[in-house]
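Engineer: compute the structure for the input listed below.
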Amino acid sequence: MGPLTGVRVLDFGRYIAGPYCAALLAEFGADVIRIEKRGGSEDRFVSPLGEGLEGAVFTQMNRNKRSITLDPMSEAGRGVVRRLLCSADVVVANLPGPTLTAMGLDQTSLSALRPDIILASTSAYGDIGPLRDQVGFDGIGQVMSGAVHLTGTPDQPYRTPVAWVDFGTALHSAFGVVLALLERERSGRGQTVATSLLGTALAFMAPTLIEQAVTNSDRQAIGNKSHGSAPTDLYRTRDGWILTQVIGQPLFRRWAELMGEPSWLEDPQFASDKSRAENSGPITERMSRWCAERTEAEALAILGAARIPAGPVLRPQQVLDHPQVQAMGLMADTRALGAPRPAPAFRAPLQLSETPGTIQSGPPRVGQHTDAVLEELGYSACEIADLRAAGAI
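Structural biologist: Predicted coordinates:
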């Protein structure tokens, strides 16, 4: 029993922003039914786990869900959609507005069937403005928020391979769904939870954008350094790389003493985080020289003992093997869809002391639960056979 047990969610999402929102709800007890086209939707096969197998993206985004196949644009399929909607509390869909309307998943259509239903809708740009009808992926939010401009070097900006805009939007959406469910308990009314990729990216970039609006700072990319502190950078050791982040006067004092540079504590060019960032040359050189004389393990041990934040630059396999990652217990073996080795899905990185989330099943096979879900809706075996013969499921 999770806090969302008894809540039924219809997941019409694709890729990350919609499906991860629904996965978070499923992890805490919701019955999530993923609706996809016959043969499987295209997001099943991103980063495949083997020849002809589903992908890593699908494994992470769709654990704990049931799967049905459905053509919602066919006449028979529309009937199935209506029955599904009448049984549902929440609809999750990161689809363009015109597509939602064509499928009968816009708020007006949903409310006509069930006034208390909640629609969690995600778009690229939101539902107003000149770009409202345009489509987009995670990278659009990255480049249009200013984040990519500040990543890399002045002559070569970089997009991060981590889909932080998608994941952040899913988190906002799941938060909004829970708020809407709480409001429904009080008022009995459903509503739309609207999120956008660009909106999430702007929210995450807000401090930088606020600074720009007030000071006209016009920040430029400076590699792995920080505009706001030093030594904050990646440093090469004898056998690897580490990151340090020295922010605030107490940390800088400990760092300067460790480096044998106590006079820097009285130097006005190093008097604040801002001034240290602006005059980081000597600081960077000193830290680089210190790290170059030590192995990664030696540097991290000394910095850790001095209570200075530092961490190793890990390759993906090193992440999986790291004792801290292992101890956190976030990985659940899903044995995903025929993968040749255990395929972990990662739990939501939050713990409720009384009603923790769980991963009880791996991602479903294409249409694995179609018959079972339709039987729950009252379809007979003959009716299900007719729907399959008509290509509706």
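Engineer: is Leu100 in contact with Ser121, as I believe?
Structural biologist: Yes. With contact taken as CB atoms under 8 Å, Leu100 and Ser121 are classed as touching, separated by 6.7 Å. Where C-beta positions appear, they are placed from N, C-alpha and C, glycine not excepted.
Engineer: I figured Leu202 was touching Ser145, is that so?
Structural biologist: Yes. Here Leu202 reaches Ser145: they are 5.4 Å apart, a contact under CB under 8 Å.
Engineer: could you list the low-pLDDT ranges of the stretch 101-250 of the chain?
Structural biologist: By pLDDT under 70, the stretch 101-250 of the chain contains no weakly predicted segment.
Engineer: quick one: the helices in it?
Structural biologist: Counting by DSSP state H, counting those that start in this stretch, residue ranges of the helices within the stretch 101-250 of the chain are 107-113, 138-144, 164-187, 197-204, 206-215, 249-259.
Engineer: the fifth one: which residues count as buried?
Structural biologist: Think helix 206-215. Thr208 (16 or more other CB atoms under 10 Å).
Engineer: show me what contacts the residue most central in space within the chain?
Structural biologist: In the chain, the centroid-proximal residue (CA atoms, centre = their mean) is Phe167; its distance is 1.7 Å. Taking CB atoms under 8 Å, 6 or more residues apart in numbering, we find Phe167 in contact with 16, 20.
Engineer: from Arg186, how far out is it?
Structural biologist: Counting by CB to CB, to the nearest Å, the gap from Phe167 to Arg186 is 30 Å.
Engineer: let me see the confidence value for the residue of the chain most remote from its centre.
Structural biologist: Of all residues in the chain, Ser263 has its C-alpha farthest from the mean position, at 44.5 Å, by CA atoms, centre = their mean. pLDDT, Ser263: 96.
Engineer: now the one 5 residues further on
Structural biologist: pLDDT, the model's per-residue confidence, is 96 for Pro268.
Engineer: does it touch Ser275 like I think?
Structural biologist: Yes. Using CB under 8 Å, Pro268 makes contact with Ser275 at a distance of 7.4 Å.
Engineer: higher neighbour count, these two?
Structural biologist: Higher neighbour count among Pro268 and Ser275: Ser275, with 14 against 8, using other CB atoms under 10 Å.
Engineer: ok but that one is inside a helix, no?
Structural biologist: Yes. Under DSSP: H, G, I helix; E, B strand; the rest coil, Ser275 falls within a helix.
Engineer: mind checking the SS state of the residue nearest to it when sequence neighbours are not counted?
Structural biologist: Spatially, and ignoring its direct neighbours in sequence, Ser275 is nearest to Gln269 (5.7 Å; CB to CB, 6 or more residues apart in numbering). The local conformation at Gln269, judged by three-state DSSP, is helix.
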